[in-house]
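> Show me how the following folds:
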Amino acid sequence: MQIMAVNTSLEPTNCFLLLSKNKDQAELRRSYSEYSNTTRAADHLVAGAGVVAVASSGGASGGGGGGGGSSDVETTVRCACCSVTEECTAAYIRRIRAAHYGHWVCGLCAEAVRERMRGGGGGGGVEAALRWHMEVCRDFNSTTRLNPKLSLAGSMRDIARRSFNRRTTASTSAAATCHDQLRAAKTMARTLSCQQRYLQVI
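Next up, the predicted model:
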C-alpha cells in the first residue's frame, strides 16, 4: 500500500516536469515568433513605411479647428534602431527625422547616438554614430533576445578577439624594442674583453 502512495505522489511530479518543459518550449517559440515579426517590421521600416496614423482622442477629423489640426494628431512611430513604438506629434517626428538622416529614433537611442558622437567613435558624425548604433541593436536583437546563452558565447568571443589583438600589437612593439636592446647588447659585448676573470680564494 505504501508503494501505491509513492507511485501516485510521483505521477504529479512527472506531469509537472512535462508541463514545465512544454511551457518552456512554447515560450521559446513565442519569443522567436515575436523576434521574427519584429525583424520583418524593422525591414519594412527601413524601406520607408515608418509612420502609421492613429486617431487621437482630441477629434482629428477634417472639420473644426483649422491650423492646429496636424500638431494635435498623434501618430504611432517605430524606432529604426530598437523597434520601440511611441505616439508622437507629426511636428516632433519631422524634427527627429531631420536630425537623424530620415530615421525616426526614440529618445534612448538618440542619447546613445549622441554619446557615441561625443566619445569620438569613428569620427563620421551623426550618420556614422547612427549606423553603429543600428548595428549594435541588430546584433542584440539577433542574439540576446533570441538566446541569452548564445549572447554570452558571442561576448566571450569578442573578449578573446580583443585580447588577441591587444597581445599581437603589444608583441610587435615589444619585439621591436627587444631587437633594439639585443643590438645594443651586441655592440657592448664587442668592447669588453672576452677573457673571464677568476678570483682565487685563499
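
> alpha carbons only for contacts and neighbour counts from here, please
Will do.

> Sketch out the helices for the chain, chain order is fine.
Applying DSSP state H to the chain gives helices spanning 2-46, 69-72, 90-99, 107-119, 125-143, 148-191.

> What are the buried residues along the third one?
To tie it back to what came earlier, the one meant is helix 90-99. Within helix 90-99, the residues that qualify as buried by neighbour count (16 or more other C-alpha atoms under 10 Å) are Ala90, Ile93, Ile96.

> what are the phi and psi values for Thr144?
Torsion angles at Thr144 (phi, psi; degrees, to the nearest 10) stand at phi -60, psi -50.

> any idea which of the helices of the chain scores lowest on pLDDT?
Looking at those, the lowest mean pLDDT belongs to helix 2-46 (a mean of 56).

> thinking again about what came up before, can you put the buried residues of helix 90-99 in a markdown table and add distance to Ser151?
Converted to a markdown table, these look like this (distance: C-alpha to C-alpha, whole Å):
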| residue | distance to Ser151 |
| --- | --- |
| Ala90 | 37 |
| Ile93 | 33 |
| Ile96 | 31 |
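
> What count of nearby residues applies to Cys141?
Just so we're on the same page, residue 141 is Asn rather than Cys. Neighbourhood size, Asn141 [other C-alpha atoms under 10 Å]: 20.

> Distance check, it against Cys106.
As judged by C-alpha to C-alpha, to the nearest Å, Asn141 and Cys106 stand 16 Å apart.

> got it, and Cys82?
In terms of C-alpha to C-alpha, Cys82 sits 8 Å off from Cys106.

> do Ile96 as well
9 Å.

> Could you do Arg94 as well?
Distance from Arg94 to Cys106, by C-alpha to C-alpha: 13 Å.

> Asn165 too?
For Asn165, the distance to Cys106 - C-alpha to C-alpha - is 35 Å.

> Comparing the two, which residue is more hemmed in?
With neighbours defined as other C-alpha under 10 Å, Asn165 and Cys106 compare such that Cys106 has more, 20 against 12.

> How confident is the prediction for that one, by pLDDT?
For Cys106, the model assigns a pLDDT of 93.

> Can you name the residues that contact it?
Counting by C-alpha atoms under 8 Å, 6 or more residues apart in numbering, Cys106 touches Arg78, Cys79, Val84, Glu86.

> Many thanks, have a good one.
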